[in-house]
Each structure stands twice: as structure tokens, then as C-alpha cells.
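Student: need coordinates for the below:
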Amino acid sequence: MVPLSTQRASSSVPPSSSTSPRPQWTYDVFLNFHGEDTGKSFTDHLYTALEKKGIIAFKDDEKLERGKYISLELLKAIRESMYAIPIISKNYASSRWCLIELAQIVECMRETGLTVLPVFYHVDPSEVRNQTGAFAEAFARHEEDPNIDMEKMQTWRVALKEVGNISGWHFHLRYESTIVQEIIKRILQGLSRNFSTLSKDLVGIESRVEEMMNILGIDWMMFAL
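Tutor: Below is the predicted model of the structure:
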């Protein structure tokens, strides 16, 4: 099967002409999440569903090689992904790693056109935007940490505000399985649009793309028009 992560998707924020070209995709999706909150529940269910559909997802406890310097490997994976899905939960902001990753996601959204699809896991998007409730408490603890400078903390605040303003999925009286299926559909539609565009430029590839779409259970005609 042709890898799904070979072409560029439409972005949340169009990259400016002055930015450097995006490297070839390594992953279709980067999952950004708080391990204790969702690692063995929603995130794991979403990751499994993505893999079943042939979508290449990066989940740090699955993809990092032993001995690699975690921060550099994670940030590199973000830059080499087509989509980023921040799964923002109650204790999300208490993790420096979650916030570092999120700041990199927002940077790539601005500079390279990374598409960001946030999930608000039993938190209100307004809490994320305004850093209230559990998010305010988490930042109060970060402010007491002498190893975290204020400039870095400000980038985290800005990243949360920006992501909190992006339309995503909000867990409010909704079934988890329904949200997982909606996310899968959204990503597959974006990936298939790229293959549809590609097929117009490459002679003979359209039949192969159509075959792949049929295998994945996608209506090819939706994107071939």
C-alpha cells in the first residue's frame, strides 16, 4: 500500500512565503496528550483506531527508540507530521512536556501549515483559552519552579490560548467512540484530498489511489470531483 504521509494537507494557518519548505511527512498524525489522564483510555483508543485505518500516528511511548534524547525526538516528530491532535485534559497543563510539545505544535502551525485538531477531554475550551480552573493552578505551580523561566511560560500560555480558539472536539455528553470516528473521518478526508490532487499530475496513479480508498472504506468520488 502506498504510504498515506507523502503529500501535504491544507493547513490551519497558511505558511508564509518566507518560511522554509516543510520536510517530507514521516507521520500522518502526532498525538499530544497527558499520559496519566488519557494514555490508557481515550488516547490509546484513538491511536488503535488510527492504526487500523492505515494512518501513521506518532505516540511517544510507542515510537521513541531507547536511548534517544526525548525532547529532540519528540519535537522532530511534530515537524514531520501532517496533523497534530492535542488531547487537552484536566492535568494537561501540569506537564511541562505537554506544554513544550504544544508550543512546538503552534509554531509549526504558523510556520509550516501543520493542521491542528484539538480534543477537549472533559475540559471546557474557555478554561484552556483563559487558563482558569485546573490550568490556573498548574501555572501557579510552574511559577514556583526556579527551573522554568517566565519567557518560556508565556509561550505556553499563548499556545494554550491559540489552541483553545481552534474548533475541535469537546467531550460534553458525547460518546467517546463517536468522537474517535469523527476524527478518523476528518483525517482520512484530508489525506484522500491530497491523493486526489496528486493523481491529476501523475499518469496512471488514479486507479491505484482509488483502489487504496476502497480498501480504507472511503468514497473516492467525494474527492475525485
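Student: for the chain, which segments count as helices?
Tutor: With DSSP state H as the criterion, the chain has helices at 35-38, 42-52, 60-63, 70-79, 96-112, 125-130, 134-143, 150-164, 176-201, 206-216, 221-224.
Student: identify, out of those, the most deeply packed stretch.
Tutor: Stretch with highest mean neighbour count among these: helix 96-112 (a mean of 21; mean count of other CB atoms under 10 Å). No exception for glycine: its C-beta is placed from N, CA and C like everyone else's.
Student: looking at the helices of the chain, which is nearest to residue 28?
Tutor: Between residue 28 and those, the shortest gap by CB to CB is with helix 176-201, which sits at 6.5 Å.
Student: what's near enough to touch the residue positioned nearest the centre of the chain?
Tutor: Geometric centre of the chain, nearest residue: residue 84, 1.3 Å, by CA atoms, centre = their mean. Each residue near residue 84 by CB atoms under 8 Å, 6 or more residues apart in numbering is listed here: 29, 30, 32, 78, 105, 108, 109, 114, 115, 116, 117.
Student: now it: how far from residue 119?
Tutor: Relative to residue 119, residue 84 is positioned 11 Å away (CB to CB, to the nearest Å).
Student: repeat for residue 179
Tutor: To residue 119, residue 179 is 7 Å away according to CB to CB.
Student: name the residues contacting each of these two.
Tutor: Common contact partners of residue 179 and residue 119 (CB under 8 Å, 6+ apart): 169, 171.
Student: beta-bridge partners for the residue lying closest to residue 170 once chain neighbours are set aside, please?
Tutor: Once flanking residues are discounted, residue 170 sits nearest to residue 120: 4.6 Å by CB to CB, 6 or more residues apart in numbering. With DSSP bridges as the criterion, residue 120 is bridged to residue 88, residue 170.
Student: lowest-confidence helix or strand of the chain?
Tutor: helix 221-224 (a mean of 46; mean pLDDT, DSSP states H and E).
Student: the helices of the chain: which one's closest to residue 89?
Tutor: Nearest of the helices of the chain to residue 89, taken as CB to CB: helix 35-38 at 3.7 Å.
Student: now the closest one: mean pLDDT?
Tutor: Taken as a whole, helix 35-38 carries a mean pLDDT of 95.
Student: put the alpha carbons of it into CSV.
Tutor: What follows is helix 35-38 as a C-alpha-only set of coordinates in CSV (Å, rounded to 0.1, in the frame of the first residue of the first chain):
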residue,chain,number,x,y,z
GLY,A,35,-0.3,10.1,29.9
GLU,A,36,-2.0,9.7,33.3
ASP,A,37,-5.2,11.3,32.1
THR,A,38,-5.8,9.7,28.8
